[in-house]
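>>> Got a sequence here, can you build the structure:
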Amino acid sequence: MPEGDTVFHTAATLREALVGKTLTRCDIRVPRYATVDLRGNTVDEVISRGKHLFIRVGPASIHSHLKMDGSWRVSPRGRPVGSAHKIRIILEAGDIQALGIDLGVLEVVDRENDQDVVAYLGPDLLGDDWNPELAALNLAADPDRPIAAALLDQRVMAGVGNVYANELCFVFGRLPTSPVGSLADPLRVATRAREMLWSNRARANRTTTGNRRHKQELWVYGREREPCRRCGTPIRRAESSAADRVSYWCPSCQR
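Below you'll find the predicted structure:
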């Protein structure tokens, strides 16, 4: 599931493939931007901000958000890709192609003002603006709010998604539905969130347990009915009323 670490890693991959090269193809398959053609312009930067990604080329910035299922893939130019109907953008430079697949958001904005799109975000867990004290203040601002909901609010801190929200709740022994006010030290939570994403920023497969072996990577997420790694109690799962949100927890370790 794409979260801040995924987008950071994706930006690094695109940066290595495209920066300094001139676009020879720009095919945007979104009706509003179908006539935009950035061929002949050089890719200057690729940056991430929370879960958002910006490719700065010429006077424009290509802004994308992966949402739940999106991805960017880099491969040799002309290599066939499965699910071609899901491709939203094709960029080619030299012998490289970069494909934006099933992107939740794709738009072309003015380069000089592209950060206006993400001005509402809190401190970026993987960014130069990371400020743990501010993130902790944001987290504690509404003590009655459920912890998972607060962690998922990108205005609190940018980068946490559903996987990390569930994993953080387990690490701190709280149910996802527990109020923020039950956290003894919000600063410690913000710091641990940063540590988790930072340690996974260059990995294709994240781990929160520190164990990178297959099916040993996570504490609770995706482990319904499997034994808790600490106490052996079966992990529980519940659907949230919020779209695409699922909670996982240990009923013994989290209260």
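>>> only C-alpha atoms for contact and neighbour calcs from this point on.
OK.
>>> The one helix or strand Ile90 maps to pairs with which strands?
Assessed by DSSP states H and E, Ile90 sits inside strand 87-93. Sheet pairing of strand 87-93 (DSSP bridges) gives strand 25-28 (antiparallel), strand 96-101 (antiparallel).
>>> Return the most buried member of those strands.
strand 96-101 (a mean of 21; mean count of other Cα atoms under 10 Å).
>>> what's the distance between Asn131 and His9?
Plainly put, Asn131 is 21 Å away from His9 if you go by Cα to Cα, to the nearest Å.
>>> Same question for Arg236.
Relative to His9, Arg236 is positioned 31 Å away (Cα to Cα).
>>> now swap in Ala140 and tell me
In this view, Ala140 and His9 are 29 Å apart by Cα to Cα.
>>> Counting neighbours, go ahead and name the busier of these two.
The residue with more neighbours, out of Ala140 and His9, is Ala140; 22 against 17, by other Cα atoms under 10 Å.
>>> which ones are touching that one?
Val180, Gly181, Pro186 (Cα atoms under 8 Å, 6 or more residues apart in numbering).
>>> Phe170 too?
Shown in contact with Phe170 (Cα under 8 Å, 6+ apart): Trp219, Val220, Trp249, Cys250, Cys253, Gln254.
>>> next one: Leu18
Val43, Ala93, Ile96.
>>> do the same with Arg255
With Cα under 8 Å, 6+ apart, Arg255 has these contacts: Gly173, Arg174, Leu175, Ser178.
>>> Kindly report the same for Gly122.
Contact partners of Gly122, counting by Cα under 8 Å, 6+ apart, are Ala135, Gln154, Arg155, Val156, Met157, Ala158.
>>> now, which of those residues sits nearest Ser61?
Using Cα to Cα, Ala158 is the member of the contacts of Gly122 that lies nearest Ser61, at 20.1 Å.
>>> Wait, that closest one touches Ser48, no?
No. Using Cα atoms under 8 Å, Ala158 makes no contact with Ser48, being 10.7 Å away.
>>> So between the two, which is more surrounded?
For the pair Ala158 and Ser48, the greater number of neighbours falls to Ala158 (27 against 24), based on other Cα under 10 Å.
>>> where's the more buried one relative to Thr13, distance?
Distance, Ala158 to Thr13, using Cα to Cα: 20 Å.
>>> wait, is Tyr164 part of a helix?
Yes. Assessed by DSSP: H, G, I helix; E, B strand; the rest coil, Tyr164 belongs to a helix.
>>> Look up the closest residue to it, ignoring the ones flanking it.
In this structure, Tyr164 finds its nearest non-sequential neighbour in Ala193, 7.5 Å apart by Cα to Cα, 6 or more residues apart in numbering.
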